[in-house]
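using only what follows, build the 3D model:
(2 chains)
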Amino acid sequence: MNLTRLRLPAHLPVSPLAAWVGAAISFFFLVLLLGFLPAVARDGEVIRLAIEWIPALGIDLSFRIDGLSLLFGLVISFVGLLIFVYSSAYFRGDPEATRILIVLVAFMLAMLGLVLADHLIALFVFWELTTITSFILIGTRHEDALARRNALQAILVTAGGGLCLMAAIILLGEAAGSYQLSEIITRDLTDHPHYSAILTLVLLGCLTKSALFPFHFWLPNAMAAPTPISAYLHSATMVKAGLYLLARLHPSLAGTDLWFWSLAVTGGITAVWSSIQALKQRDLKLMLAYTTVMALGTIALFLAADSGKALMAALVFLLVHALYKAALFMVVGNLDKAAGSRDWSVLKGLRRFMPWTFAAAVLAALSMAGVPPFFGFIGKEILIAASLAVPAGTFWFTGAVVVSAALMAGVAFFLMTSPFFGDRATPPKKRLSAAMVVPPLLLAALGLIAGPFASFLPITPLLQSAALSLSREAPTIELTLWHGFGPVLYISIGILLAGAALARFFVPVHRVLYHSPGKLSLTADRVYDGILHGLLSLAEVLTLVLQNGRQRFYVMTIFSTLVGLIGLTALNRSFLPPALLGGIEGIPLYQWILCAFIALSVLLIVFSHSRMLAICALGTAGTGIALFFVIFSAPDVAMTQFMTEILVVIILTLVTLRLPVFHNYAPGFGAGRIRDAAIAIASGVCVSALMLSMVHEPVDLSVSDYYGANSYTEAKGRNIVNVILVDFRAMDTLGEIVVVAIAGLACHALIKLRRYSRGQRFDARNLP
Amino acid sequence: MNSTILKAATRILMALILIFAIYMLLRGHDDPGGGFIGALITSAAFVLYKFAYGSEETRKIMVLDSRGISMLGIGCAIAAGLMSLFTGKTFLTGLWLPAYVEGRIPLPVSTVLLFDIGVYLAVTGAVLTIVLALEEDR
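Numbering: from 1, shown residues only, chains lettered A, B, ... in the order given. Prediction:
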């Protein structure tokens, strides 16, 4: 949660400079990608670029530019260019503008990387980068608890899907024998034994990313982000990443019933359900968010099919949507900035004050509704035609398309009229600069131009080469406005009429839906909340049980576990400590005396009534053991042990001074004492038995021999122990000293900073 | 604790213990000793000083804060490891300075020694952090 506060220094200059840098970068990529257009779209070439990245693992940074990635890349860089121009005005005077825009640039680069990457691992890295940047951008207004919650929801859903995707990528790479997409898409993996696992995991990754049912709920919540962010990430680009991957893997994974029905059902439900939801909204931006989910559902629906026509329809609609939806988002942003509201029941009669925004709204909405001669009309016609031609589930496809398209047309007509017409004029507070008016107008106008001139512009070959990347069956579909009389045209006219009627009676329909019982829209959101709440409660219970703050309990748990594990292993292997007392007669007298000294110390520890005495006895017991190290010629260990004993006595004494006196100490043989004694004796017996049996095993000396032979020749040291510590296994030592230093810091923090005072319960939900 | 005898003895003992600690640190590569043992001995010296003169005085003679000392130690160890990267070898490969006393006895100056000094500082800092924190917060 604190990550949303990840911020650059606050004193960065408040200027839209970053927006122009972003615009320059996106312009660069736009020109770069346009340069590939003739080769890829006309000649059908596939361009590959590769840079070695991690050669040891066979991972390289390779890029593949074919029709599909070029289509996506052009959309990302072109819409990005307009968004950055728009942002330069939208974020003017915003103290966080630079921070937001830098993250937005990072997002754009990651998104371009995602669609251009040829290696699955690189694709995954870019995929996760878009998730993270999206999280930061949704949480832009991090002072707002709701924005934080929504940002967290978005990252939990999409990153959870990302984990599934990672598993899918590994399975996919192993199944295809290569992690290069160029290789994978030449294989048909539908017969592979892991096919259903791969497909399920890929679907989980893509459905979460693209906000498809049942993971659709995060996208409307992501509208907490500022409008340019929503227009770019959560409409035009990032949410299409899932669809991109589905399209990309189409040649290898599609063609089975599982693929067909899972996508058809998900896509259909998403399209219809979210277009109904759109009618329920009062906030224009939320309304647009739901129509975006509808578009994503429609594209997924058509990716289910296998025919060139259906795939072409999906891609055409993707382009149509990118053109009109980003424009509409910017229109809503303009309304918000100028009139100070996004609620359609407040906004009225703005046509006179914002003529250019009005023009952009009309152009974009007409394309969205699918009115001829807009590009949206072509998009809708081809959707209908493809749905009628689907071999299985024709009724489902056509029904979903017709219902959602009619509802969309209604929303579109409503969007271009309601805020702009009407008598109750609310004069806008601010004037908008050209940078906020031109980008939506330009995008919307492209939707108009692309309609009649679809066959002259390079749009048709681009879309055809993109469709060719999906299936080997070359689609020969002409993108023209007039297809002659037929069922497609009649359905199309019917949709427009239904849309017009819906727009006319929008307010009553809205009211009925708004007051519908149960508020079903919240269901998925509630399930999410329930799961999250359950997780936190589980964490709390576990913490309270395992981390209850009672040192005695911890020690008891640790040693009981030790006894249990050793005991179980011993029982399993049915091992007995060999010859417990074998060779006992060879022990010299002074060693017996030393043993007695240690035993005496231990008895003193256990039965002492004074803490100080017990601590000192602990020290003498340790010293006795250190003497054994001396006897068996391990001077390094002995020295360390001596010093440790001294410091342990000092530190324990200091701790003891801070503790209350033994008030619940029962010197007799109470139940607690007997239990503690049992655990202690059992641990001692287990460890002794283990040591004895280890000593009796033949010892493998090859490692010690290696160190002995090489410590002077290779590491120039005669003290093997030290050479191992600082040279042979220096990496381990480095890790250990870091642990020691952190332990020191942690002790310091525990002693000095007591945040949770006595009696206050730990609660995971109170954590920042 | 305010004992003149302890204070007077500490002045002499402290010097002896510290010299011994550094001796242990430096001879560690060939004979029993090394950074870890040296660090424990050094810690014991400072703990003795703390009992004689109190934490305030101890902090003064330590110059650097104990947490800083342990971070410095980790820094030394990492720096020792990074040096080998400049010669194209892997992280933490030991490098030895080709220096000789009187032209024939090799002078053991190496990144390994720097690493051991890092261990020494890190452990000393950590132990003293705990001891001093326990003493002060009462």
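
can you say which helix or strand has the most centrally placed residue in chain A in it?
The geometric centre of chain A, computed from its C-alpha atoms, lies nearest to A:Ala159 (Cα atoms, centre = their mean), at 1.9 Å. Taking DSSP states H and E as the definition, A:Ala159 sits inside helix A:145-176.

what are the buried residues along that helix?
Applying a neighbour-count criterion of 16 or more other Cβ atoms under 10 Å in any protein chain shown, the buried positions in helix A:145-176 are A:147-159, A:161-162, A:164-173, A:175-176. Bear in mind the C-beta positions are built from the backbone N, C-alpha and C, glycine included.

with stretch A:124-143 instead?
Neighbour-count burial for stretch A:124-143, counted by 16+ other Cβ under 10 Å, picks out A:124-140, A:142.

tell me who's in contact with the residue of the stretch 651-768 of chain A found nearest chain B.
Nearest to chain B in the stretch 651-768 of chain A, going by Cβ to the nearest Cβ, is A:Gly744, at a distance of 3.1 Å. The contact partners of A:Gly744, taken as Cβ atoms under 8 Å, 6 or more residues apart in numbering or on different chains, are B:66-67, B:70, B:125-127, B:129-130.

look at it and report its pLDDT.
In the prediction, the pLDDT value recorded for A:Gly744 is 93.

and stretch A:200-219, how far from the chain's centre?
Computed by Cα atoms, centre = their mean, to the nearest Å, the separation of stretch A:200-219 from the middle of its chain amounts to 12 Å.

any idea of the mean pLDDT in it?
Stretch A:200-219 comes out with an average pLDDT of 90.

before we move on, the earlier item: name the helix or strand for the closest residue in space to the residue nearest to the centre of chain A that isn't next to it in sequence, please.
Closest residue in space to A:Ala159, ignoring its immediate chain neighbours: A:Thr131 at 5.3 Å, by Cβ to Cβ, 6 or more residues apart in numbering or on different chains. With elements delineated by DSSP H and E, A:Thr131 resides in helix A:120-138, which encompasses its position.

and that helix with helix A:145-176, angle?
Using axes from the mean of the first three to the mean of the last three Cα atoms, to 10 degrees, the inter-axis angle of helix A:120-138 relative to helix A:145-176 is 170 degrees.

out of the contacts of A:Gly744, the closest to A:Ala295 would be?
Using Cβ to Cβ, B:Arg67 comes nearest to A:Ala295 of these, at 55.9 Å.

for that closest one, give me its contacts.
Residues A:744-745, A:748, B:125, B:129 are the ones in contact with B:Arg67 under the rule Cβ under 8 Å, 6+ apart.

which parts of the stretch 551-700 of chain A are helices?
Across the stretch 551-700 of chain A, reading from the start of the chain, the helices by DSSP state H, counting those that start in this stretch fall at A:551-573, A:589-607, A:611-631, A:635-658, A:671-696.

for the first one, packing partners?
Just to be clear, that refers to helix A:551-573. Using 3 or more Cβ pairs under 8 Å, 6 or more residues apart in numbering or on different chains; DSSP states H and E, the elements in contact with helix A:551-573 are helix A:671-696.

gap between the helix it packs on and the chain center?
For helix A:671-696, the distance between its averaged C-alpha position and the chain's averaged C-alpha position is 47 Å (Cα atoms, centre = their mean).

neighbour-wise, which of the contacts of B:Arg67 leads?
Each of the contacts of B:Arg67 was scored by neighbours using other Cβ atoms under 10 Å in any protein chain shown; the highest score is B:Gly125's, at 29 neighbours.

could you report the separation of it from B:Cys76?
To B:Cys76, B:Gly125 is 11 Å away according to Cβ to Cβ, to the nearest Å.

number of residues surrounding A:Met436?
Burial measure for A:Met436: 25 neighbouring residues, criterion other Cβ under 10 Å.

show residues contacting the helix or strand that it is a member of.
When elements are defined using DSSP H and E, A:Met436 is found to belong to helix A:434-450. Contacts with helix A:434-450, where a contact means Cβ under 8 Å, 6+ apart, come from A:79, A:82-83, A:85-86, A:88-90, A:320, A:323-324, A:326-328, A:330-331, A:333-334, A:337, A:356-357, A:359-364, A:366-367, A:373-376, A:457, A:459.

so where is chain B shaky, pLDDT-wise?
Across chain B, residues meeting the criterion (pLDDT under 70) sit at B:1, B:136-138.

helices or strands next to the longest helix seen in chain B in the packing?
Secondary structure assigned by DSSP state H gives helix B:111-136 as the longest helix of chain B. For helix B:111-136, the packing partners by 3+ Cβ pairs under 8 Å, 6+ apart come out as helix A:635-658, helix A:730-752, helix B:4-27, helix B:35-53, helix B:55-62, helix B:66-86.

now find how far off-centre that helix is within its chain.
Centroid displacement of helix B:111-136 relative to its chain, using Cα atoms, centre = their mean, is 7 Å.

so it versus helix B:4-27, what angle?
Going by the same axes, to 10 degrees, helix B:111-136 is angled at 160 degrees with respect to helix B:4-27.

quick check: angle from helix B:111-136 to helix A:635-658?
20 degrees.

list the buried ones in helix B:111-136?
The neighbour-count check on helix B:111-136 (16+ other Cβ under 10 Å) flags B:111-135 as buried.

same thing with stretch B:44-60?
When burial is assessed from 16+ other Cβ under 10 Å, stretch B:44-60 yields the following buried residues: B:44-53, B:55, B:58-59.

adding distance to A:Val75, write those residues out as JSON lines.
Putting the buried residues of stretch B:44-60 into JSON lines (distance: Cβ to Cβ, whole Å) gives the following:
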{"residue": "B:Ala44", "distance to A:Val75": "69"}
{"residue": "B:Ala45", "distance to A:Val75": "69"}
{"residue": "B:Phe46", "distance to A:Val75": "66"}
{"residue": "B:Val47", "distance to A:Val75": "68"}
{"residue": "B:Leu48", "distance to A:Val75": "73"}
{"residue": "B:Tyr49", "distance to A:Val75": "71"}
{"residue": "B:Lys50", "distance to A:Val75": "68"}
{"residue": "B:Phe51", "distance to A:Val75": "73"}
{"residue": "B:Ala52", "distance to A:Val75": "75"}
{"residue": "B:Tyr53", "distance to A:Val75": "73"}
{"residue": "B:Ser55", "distance to A:Val75": "66"}
{"residue": "B:Thr58", "distance to A:Val75": "67"}
{"residue": "B:Arg59", "distance to A:Val75": "63"}
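
report the entries of those that also contact chain A.
B:44, B:47 (Cβ under 8 Å from any Cβ of the partner chain).

and of the buried residues of stretch B:44-60, the nearest to A:Gly494?
Nearest to A:Gly494 out of the buried residues of stretch B:44-60 is B:Arg59 (Cβ to Cβ; 85.6 Å).

can you pull out the helices in the stretch 1-150 of chain A?
A:17-37, A:67-90, A:97-116, A:120-138, A:145-176.

let me have the ones you listed in CSV, extended by mean pLDDT and distance to A:Asp676.
Below are those laid out as CSV (pLDDT from 0 to 100; distance: least, Cβ to Cβ, whole Å):
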stretch, mean pLDDT, distance to A:Asp676
helix A:17-37, 89, 65
helix A:67-90, 91, 66
helix A:97-116, 91, 56
helix A:120-138, 92, 49
helix A:145-176, 91, 44
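
which residue is the nearest non-sequential neighbour of the residue of the stretch 651-768 of chain A closest to chain B?
Nearest non-adjacent residue to A:Gly744, counting by Cβ to Cβ, 6+ apart: B:Ala126, 3.1 Å away.

next, count neighbours for the residue in the stretch 451-600 of chain A that chain B sits nearest to.
When distances are taken as Cβ to the nearest Cβ, the stretch 451-600 of chain A reaches nearest to chain B at A:Gln551, 15.7 Å away. By other Cβ under 10 Å, 8 other residues sit near A:Gln551.

give me the nearest residue to residue 30, chain neighbours excluded.
You didn't pick a chain, so chain A it is. Using Cβ to Cβ, 6+ apart and skipping the chain neighbours, the partner closest in space to A:Leu30 is A:Ser77 (4.1 Å).

my question was about chain B
Counting by Cβ to Cβ, 6+ apart, the residue nearest B:Asp30 is A:Arg718, at 4.2 Å.
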